[in-house]
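Engineer: Structure of the sequence below:
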Amino acid sequence: MIELTERRKEILAIVVREYIATAAPVGSTTIAKVHDLGVSPATIRNEMAALEEAGYLTHPHTSAGRLPTVKGYRYFVEQLMETSSLPPREQRMIREKFDAAGWEPEAWMHLSASVLAQVTHAASLVTAPKPSRSQFKHLELVELRDGLVLLVLVLADGSVEQVRFQLPEARSQEELSALADQLNERLAGLDRHAIAKASLPTIAPVPQVVDRVLELMAEVDRRHGGQLVHAGLEHVLSQPEFANAERATEVVQVFERREPLWPILADVAWSHRGVRIIIAGEDRWDAISDYGLVLADYGAADTRGTVGVLGPIRMPYERAVSVVEYVSGLMSRLLRELYGVA
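Structural biologist: Okay, here's the model as predicted:
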């Protein structure tokens, strides 16, 4: 294994920052002219060759310069990246915008998306704060025909889910309404884990109905759900990585379909605290393998959401981290004040 000496680390950081800024492969002569490393271009070229051999850099066939690989970007953000707080002037500008928005969480979401896109020149993502687990409010059972039933489930946040399923034997609407009333009384306010542990009758069709309720609530929890606000897609489309029409269509579909984003946003909201950087999908999410994301959770008490930005893998991570960190902290502070949570 090739050792990453301090000089190689410095050169790798320079290549990453230069490539992020210019989108052009970085050559040894450029590094020698712009950065005083105290060594010749030939020495820098040899060090870059070693970094390439180790998998941190690569180079196009048409260029003598080099650019970072996914491995190089990951090493940069984990070991070499320098982050600092957002400058006071920008903090003040952002706070003033939020002060003018009043005490409306939905307005804060749209403002957060706008600010993040404007300051980072990337596409922003903001999800509405939601409880960690969906909570049962009430259900309705509607007889359709020959034991086929429509279950309408209303959750505590007002969202509505429904499913059709077949009962072991047909039941009248009167029987179904009575069963719904019993379950509504027993299950109100419970999440799916509490419902699964609840002491309920085992006589049909109670287990069949409860199973469908649990399946619906599990699906809601899995996809995170809720509102997603985004802005600044034009910033991503203007990058050279997406000049090709096919690539541009792909990034637009990520935002239009949204399904690929929900598991990631939910994971950040509930499994992580602070800023998280995701490069090329981290070998977990193929749908975002061509992008970089900088995300952070925000919220108050047991209510969490996600704010962040998405761009090409070649995105200014240092700048993005400082902005996302500040906006997430500001959103959390505002929600705590709104809900009276310490």
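Engineer: hey, let's count contacts and neighbours off CA atoms from now on
Structural biologist: Fine.
Engineer: Next one, pLDDT for the residue nearest the centre of the chain please.
Structural biologist: Centroid-nearest residue in the chain: Leu265, 3.1 Å away (criterion: CA atoms, centre = their mean). Looking at Leu265, its pLDDT reads 84.
Engineer: List the strands paired with the strand or helix carrying Gly305, with their directions.
Structural biologist: Gly305 belongs to strand 303-312 when assigned by DSSP states H and E. The strands beside strand 303-312 in its sheet (DSSP bridges) come out as strand 123-127 (antiparallel), strand 130-131 (antiparallel), strand 291-300 (antiparallel).
Engineer: Worst mean pLDDT among these?
Structural biologist: strand 130-131 (a mean of 74).
Engineer: Quick check: next helix or strand after it?
Structural biologist: Under the assignment DSSP H and E, the closest C-terminal helix or strand after strand 130-131 is strand 136-145.
Engineer: So which elements touch that following strand?
Structural biologist: The contact analysis (3 or more CA pairs under 8 Å, 6 or more residues apart in numbering; DSSP states H and E) places strand 136-145 against strand 148-155, helix 173-187.
Engineer: and it, which strands flank it?
Structural biologist: By DSSP bridges, strand 136-145 pairs with strand 148-155 (antiparallel).
Engineer: how about low-confidence regions in the chain?
Structural biologist: Residues of the chain meeting the criterion pLDDT under 70: 1, 62-63, 132, 222-226, 342.
Engineer: what's the longest helix in it?
Structural biologist: helix 317-339 (DSSP state H).
Engineer: now what about it, what contacts it?
Structural biologist: 77, 81-86, 91, 103, 105, 108, 112, 116, 119-120, 274-275, 294-301, 306-309, 342 (CA atoms under 8 Å, 6 or more residues apart in numbering).
Engineer: hmm, back to that, for Val252, find the nearest of the helices and strands packed on strand 136-145.
Structural biologist: strand 148-155 (31.0 Å; CA to CA).
Engineer: by contact count, what packs against the helix or strand following that closest one?
Structural biologist: Next along the chain after strand 148-155, taking DSSP H and E as the criterion, comes strand 160-166. On a contact count with 3+ CA pairs under 8 Å, 6+ apart, strand 160-166 meets strand 148-155, helix 206-223.
Engineer: Output the first one as CSV - backbone C-alpha positions only.
Structural biologist: Output in CSV follows, covering the C-alpha atoms of strand 148-155 (Å, rounded to 0.1, in the frame of the first residue of the first chain):
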residue,chain,number,x,y,z
LEU,A,148,-63.4,-7.5,-0.1
VAL,A,149,-62.8,-4.5,2.2
LEU,A,150,-61.4,-1.1,1.8
LEU,A,151,-59.3,0.1,4.8
VAL,A,152,-58.8,3.8,5.1
LEU,A,153,-56.2,4.7,7.7
VAL,A,154,-55.7,8.3,9.0
LEU,A,155,-52.5,9.1,10.8
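Engineer: How far off centre is it?
Structural biologist: 30 Å (CA atoms, centre = their mean, to the nearest Å).
Engineer: Residues contacting it, please?
Structural biologist: 134-144, 160-167, 170, 209, 213.
Engineer: Run through who's touching the strand holding Gly305.
Structural biologist: 112-113, 116-117, 120, 122-132, 236, 239, 241, 265-266, 268-270, 290-299, 320, 324, 327-328.
Engineer: cutoff 7 Å now
Structural biologist: Outside strand 303-312, the residues that touch it by CA atoms under 7 Å, 6 or more residues apart in numbering are 116, 122-132, 236, 241, 265, 268-269, 290-299, 324, 328.
Engineer: Make sure I have this right: Met315 is in a strand.
Structural biologist: No. Assignment of Met315 by DSSP: H, G, I helix; E, B strand; the rest coil gives coil, placing it outside any strand.
Engineer: what are the phi and psi angles of it?
Structural biologist: Per-residue torsions, Met315: phi -120, psi 160 (degrees, to the nearest 10).
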